[in-house]
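Q: need a structure here:
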Amino acid sequence: MAQSEVSQPPVEIYPREKADRRLAPNIPGRGKSRRSSDQRYAAELQVSVYTASEETTPVRCFSEDLSASGMLLHWPTDEPVPAVGDDYILRFTMPPGVLPEGYESRVRMPAQVARLASDEDGTTKVAVSFSRSIDKYLRLKKWLRLIASAVLLIALSVCAVVYMRQESVFYFMFDVPVFLYGIVASVFLVSRFAFSFFYSNVPVDENFTPGVTIVIPCFNEEEWIAKTIRCAVNQDYPSEKLEVILVDDGSTDKSMEEVRRVEKMIRKEISDDKFFAIEQPRNMGKRHALAAGALRAKFDLLVFVDSDSFLEPDAVRELVQPFRDPKMGAVSGRTEVQNKWTNALTKMQAVRYYVAFRFMKAAEGVFDSVTCLSGPLACYRKDLVLRYLSDWLNQKFFGYPATFGDDRSLTNFILAHHRTGYQDAAVCSTIVPSSMRTFFRQQMRWKRSWLRETLRASAFMWKKEPFMALSFYIGFLLPVLAPLVVVRSMIVVPLELGLFPYKYLMGILTTSMLMSASYLLFKRSNLWPYGIVFCAFYLFVLLWQLPVAVVTFWKSEWGTRNTAADVAAQEKLRYEQQMFVMPDGEVGAEGNAAPETHDSPPPKP
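A: Next comes the predicted model:
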């Protein structure tokens, strides 16, 4: 195989929605959304069309698109053209990545011809309407069975965890450090899942629609930025209360060409004041791109969205609901994996993301103390962002500049004095690394920022609700001690006593089964076994990045992209000081008035 073939990136697989004739069909018109709930997806599937009796030879067709209620077929030229109202039986397979997760299945569905059309080349297109929606079909054929299986697996996993912890108590004195760690880790994990089941979304109040500015920082994202902008604009939210600001952070590819193309479409078809693009004079880092957007925003709530993340149409409406509580400082939405079907790596990340948000973050949300407002989708009160802006932009850790982990860092500034929440119904999807090299760099960056920001949060988390505080400190110690426990359990003890560490491995298996079964329960997806695979991958590979992160926390490389920060950090810092730090310490940029600084005392939580 040629070298060029080896280095080719994976082909990303994800559902491709059919474009609406309108640029943003979800923007409300006359008080309500104009969109149809029946989303169509591009789907070139082989379909066998039978008569109602299924006794004749089927007609072999190819579909053009597919929705929950019907599909569009390309009818063969050598077959008699059906008539509107004819009844047929359709047999086809929905492979992974055609429709959203959970829909992959074989289908046998009665359908009726709804309309006929012809292309310029004479191809006959036949639109058929299913006798019942695919949702109802799969609920009976697949989803109820998967839910029952998930409940059974969760019950078995909990029983196994309890049984193994009972043994740990019995053998406790045999190896106190390992068995104590196992007991604490099991209780911690089960408590996370238990509390997450008490979580509930803040219900939507249709009359609560505060002004919102969406800020999108962009650097070399020409492949995805157009879709990100369209999804941000295409919100089921009052148009006069929503603006979108994109800040290009010195991109060197064709990102800005894509931005200007979409900007022209928005100004032509929607409004001149709906979308604005700001170009930084040079690459300055993600924090400064977000800061430039925050300083330009005209509304009181800021929604930060990554440049490769795509909002669901109701994401903003859902995300603002917790702010009905005046003490709520910021809220995180849920992030799904857009390209989950690309390869085994993205499938593992899909399970990991869902568990991290729906269970771990939801458990923190019960106490209004979410410790990381995720970068792909989070909403902040603008006055709080401006209050802490100078410290956030110029943050250092042990004398070294903090150039990544912007979401955790800003979360800490907010969380120290305010509530932080989680709204599971506010959903976006993001593109995750599909190559191991990029993934490992991302994980190393995350671990360094996690270490830095968790140490910072340790100074104030003891002031929060007691159970939340205890969970936080335990959640910090467990990963830090994990490498030592693994070495002792899988290397030291087996060598000393000649025993295979089957109990330790069984404990890992049962806890990973609990995670995977919970994913199956909520997502009804065939991806659930990848939760077990990810736990093994974490144990044998990712876990060992943490000791490296501890001794290299000072490094400032972004890791997943080649930015100026990677090669010219000192030069960039000098430029940042000129642009954002005034002589008197206030924050400003390109003629903007300096906002109120953090010198005023923060309100009590």
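
Q: what's next to stretch 482-500, contact-wise?
A: Outside stretch 482-500, the residues within contact range by Cβ atoms under 8 Å, 6 or more residues apart in numbering are Asp175, Pro177, Val178, Tyr181, Pro501, Tyr504, Leu539, Leu543, Trp544, Leu546, Pro547. C-beta coordinates here come from the backbone N, C-alpha and C atoms, glycine included.

Q: Packing partners of the helix or strand where the second one lies?
A: Read that as Pro177. Here Pro177, judged by DSSP states H and E, is contained in helix 176-196. Packing partners of helix 176-196 (3 or more Cβ pairs under 8 Å, 6 or more residues apart in numbering; DSSP states H and E): helix 144-170, helix 362-365, helix 466-487, helix 502-523.

Q: from those helices, which stretch is densest packed?
A: With neighbours taken as mean count of other Cβ atoms under 10 Å, the helices and strands packed on helix 176-196 reach their highest mean count in helix 362-365, at a mean of 24.

Q: That one - what's its average pLDDT?
A: Average pLDDT, helix 362-365: 96.

Q: helices and strands around it, which ones?
A: Applying 3+ Cβ pairs under 8 Å, 6+ apart, one finds that helix 362-365 contacts helix 176-196, strand 419-430.

Q: and the last one, which residues are buried?
A: Applying a neighbour-count criterion of 16 or more other Cβ atoms under 10 Å, the buried positions in strand 419-430 are Arg419, Thr420, Gly421, Tyr422, Gln423, Asp424, Ala425, Ala426, Val427, Cys428, Ser429, Thr430.

Q: Could you do the first one as well?
A: Buried positions in helix 176-196, judged by neighbour count with 16+ other Cβ under 10 Å: 178-179, 181-183, 185-186, 189-190, 192-193, 195-196.

Q: any chance of those in TSV, with distance to Leu73 and pLDDT too?
A: Below are the buried residues of helix 176-196 laid out as TSV (distance: Cβ to Cβ, whole Å; pLDDT from 0 to 100):
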residue	distance to Leu73	pLDDT
Val178	61	76
Phe179	62	77
Tyr181	59	85
Gly182	57	79
Ile183	59	81
Ala185	54	86
Ser186	53	82
Leu189	49	88
Val190	50	85
Arg192	47	90
Phe193	45	88
Phe195	49	90
Ser196	43	90
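
Q: Out of the residues you listed, flag the one nearest to Gln39.
A: Closest approach between the buried residues of helix 176-196 and Gln39, by Cβ to Cβ: Ser196, at 28.3 Å.

Q: which ones are touching that closest one?
A: Ser196 neighbours (Cβ under 8 Å, 6+ apart): Arg358, Phe359, Met360, Ala362, Ala363, Val366.

Q: now swap in Cys372 and tell me
A: Contacts for Cys372 (Cβ under 8 Å, 6+ apart) come out as Ser332, Lys361, Asp407, Arg408, Thr411, Glu453.

Q: The fifth one and Val370, how far apart?
A: By that I understand Thr411. Distance, Thr411 to Val370, by Cβ to Cβ, to the nearest Å: 7 Å.

Q: Overlap of the contact sets of the two?
A: By the contact definition Cβ under 8 Å, 6+ apart, Thr411 and Val370 are jointly contacted by Thr420.

Q: Might you specify the subset of the contacts of Cys372 located within helices?
A: Using DSSP state H, the subset of these located in helices is Asp407, Arg408, Thr411, Glu453.

Q: Dump these into TSV; add neighbour count as well.
A: Below are the ones in helices among the contacts of Cys372 laid out as TSV (neighbours: other Cβ atoms under 10 Å):
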residue	neighbour count
Asp407	21
Arg408	23
Thr411	25
Glu453	22
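
Q: Spatially, what comes nearest to Glu54 if we skip its sequence neighbours?
A: Distance criterion Cβ to Cβ, 6 or more residues apart in numbering; nearest residue to Glu54, sequence neighbours excluded, is Ile89 at 5.5 Å.

Q: Shouldn't that neighbour be within a strand?
A: Yes: the assignment for Ile89 is a strand, going by DSSP: H, G, I helix; E, B strand; the rest coil.

Q: since we're on it, how many residues are nearby?
A: For Ile89, the count of nearby residues is 17 (other Cβ atoms under 10 Å).

Q: cool, Leu140 as well?
A: As a measure of burial, Leu140 has 10 neighbours, counting by other Cβ under 10 Å.

Q: I'd guess it is in a helix, am I close?
A: Yes: secondary structure of Leu140 (three-state DSSP): part of a helix.

Q: give me every residue that touches Tyr422.
A: Counting by Cβ under 8 Å, 6+ apart, Tyr422 has contacts Tyr199, Val331, Ser332, Gly333, Arg334, Phe357, Lys361, Ala362, Glu364, Gly365, Val370.
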